[in-house]
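Q: here is a sequence together with a model predicted from it:
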Amino acid sequence: MKVSKLAANLIGSEIVKIGNEVNDLKAKGAEIANLTIGDLNSNIYPIPALLKEEIQKAYQNNLTNYPPANGLLSLRKEVSKDLKNRWNLDYSPNDILITAGSRPLIYAVYKTIVDEGDKVVYPTPSWNNNHYAYLTSANAVEVKTKPETNFLPTADDLRPHLDGAVLLALCSPLNPTGTMFTREQLSEICELVIAENKKRGEDEKPLYLMYDQIYSNLTFGAEHVDPVSLFPEMKEYTIYIDGISKCLAATGVRVGWGFGPAHILDKMKALLTHVGAWAPKPEQEATAKFYENPENVNVFVEDFKSKLEESLKVLHGGVQDLKGKGLAVDSIEPMGALYLTIKLDYIGKTKPDGTVIENSSDLVFYLINEAGVALVPFSAFGEEKSEPWFRASVGGLAVDEIKVMIPRLENALNSLK
């Protein structure tokens, strides 16, 4: 049966494919350490108790009709105050758009800025930019990054590609790596954006920067930096992506916010009225109440991220122990988010049954079946399947579960020849 060309050529999520395999095996009784999805086990990491109480109260008070298209004013006011207090960013409530998590915001940024054939620049690995570029018929320019720069693009990497581009998409802390821009790295990139925009005429689109900082509160000693704090003139060109999904362990609560130039945010709001991507009104009301006292956020985040950091350190330490034993593995020390970047250099090796690990996907499914360890290859984030790098998300496991999976991983890798 015929469908649209867009639908016919749309590529499904590799992460979902792996997750389905994991769920099928777990349903059959298999013990799987699921390090795949950027989600949280809500029994290990529940949302703040007060936030939960306020959500329940809002439903009991029948706040179940449509929210305003750009979000409840009470929430936008609290977000505005939080941005000022936390990052010294000045954005009025009218410069803020509330949506059902951050995905509608990213989609709306693309649809608001990008016309068919427009150049969009983003690094690989990065989360879902390849799919959003496809959905907007963009001319996608993928800039391959290196482990030597923590898989973050440098100004030198980006410089050859910004001429004529309308959108540069960046994320820090980065999904999938958990690594972060330094002040110097991001400053050099912002200088490129400013210089590129000074070259353009009034009848040309600017080069906009979409800056995804959804993990900005989950950092482990490293300083989170953002474009407008570094260069006030970047305010004209920067659209931020943020929200509670990660920092409050609230992935399913679906409250995100974007902020940036009013003329862009207004068009994003208009677009999303036709999509119906509002965050539910009770959840908005509850988030506003929770943010009224900044200590609510600070106390929860400090406890939450200390637990994530412990899990990441245990996993990183386990991989480094395997490296010390001579296995062809490595990992990059995590700086933020809930991800560890792991290298498993076993592509081309032979499994015990005589078949060959031909690519990163083969290795993923081998480890699921033989070690009960599920990872996501960087091919899910725009890299080639020949790359031996993988994302491990610790949000779904307790520390003890991570400890017991390391020997299983070791045995499975040692079985490859």
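A: Nice, thanks for sending it over. Numbers count the residues shown, from 1 in each chain.

Q: enumerate every residue touching the closest residue to residue 58 other than its chain neighbours.
A: Of all residues not flanking residue 58 in the chain, residue 282 sits nearest, at 3.5 Å (Cβ to Cβ, 6 or more residues apart in numbering). Heads up, the C-betas are built off the backbone N, CA and C, glycines and all. Residues in contact with residue 282 (Cβ atoms under 8 Å, 6 or more residues apart in numbering) are 55, 58-59, 63-64.

Q: likewise residue 152?
A: Applying Cβ under 8 Å, 6+ apart, the residues near residue 152 are 123, 145, 172, 174, 177, 179-181, 185.

Q: where does it land in three-state SS?
A: coil (DSSP: H, G, I helix; E, B strand; the rest coil).

Q: from residue 403, how far off is it?
A: For residue 152, the distance to residue 403 equals 30 Å [Cβ to Cβ, to the nearest Å].

Q: quick one: which helix or strand includes the residue nearest to residue 58?
A: Assigned by DSSP states H and E, residue 282 falls within helix 281-291.

Q: what is the mean pLDDT for that helix?
A: Mean pLDDT, computed over helix 281-291, is 98.

Q: which secondary structure elements does the lowest-mean-pLDDT helix or strand in the chain contact?
A: Here the helix or strand of the chain ranked lowest by mean pLDDT, DSSP states H and E is helix 14-27, holding a mean of 84. Counting contacts by 3 or more Cβ pairs under 8 Å, 6 or more residues apart in numbering; DSSP states H and E, helix 14-27 is packed against strand 33-34, helix 360-371, strand 373-374, strand 376-377.

Q: what's in contact with it?
A: 32, 34, 36-37, 361, 364-365, 368-369, 374, 376-377, 379-380.

Q: repeat the analysis, applying 10 Å as the threshold.
A: 13, 30-39, 127-128, 176, 360-361, 364-365, 368-369, 372, 374-377, 379-381, 385, 391, 393 (Cβ atoms under 10 Å, 6 or more residues apart in numbering).

Q: and for stretch 49-66?
A: Contacting residues not belonging to stretch 49-66 are listed as 46-48, 72, 244, 248-250, 253, 255, 276, 278, 280-293, 296-297, 300 [Cβ under 10 Å, 6+ apart].

Q: report the buried members of the residues you listed.
A: Buried subset of these (neighbour count, 16 or more other Cβ atoms under 10 Å): 47-48, 72, 244, 248-250, 253, 255, 278, 280-291, 296-297, 300.

Q: all strands for this protein, in order.
A: For the chain, strands defined by DSSP state E occupy the ranges 33-34, 96-99, 119-124, 139-144, 165-171, 208-212, 238-243, 256-259, 329-332, 339-344, 373-374, 376-377, 389-393.

Q: partners of the longest one, with directions?
A: Going back to what we said before, that points to strand 165-171. strand 119-124 (parallel), strand 208-212 (parallel) (DSSP bridges).
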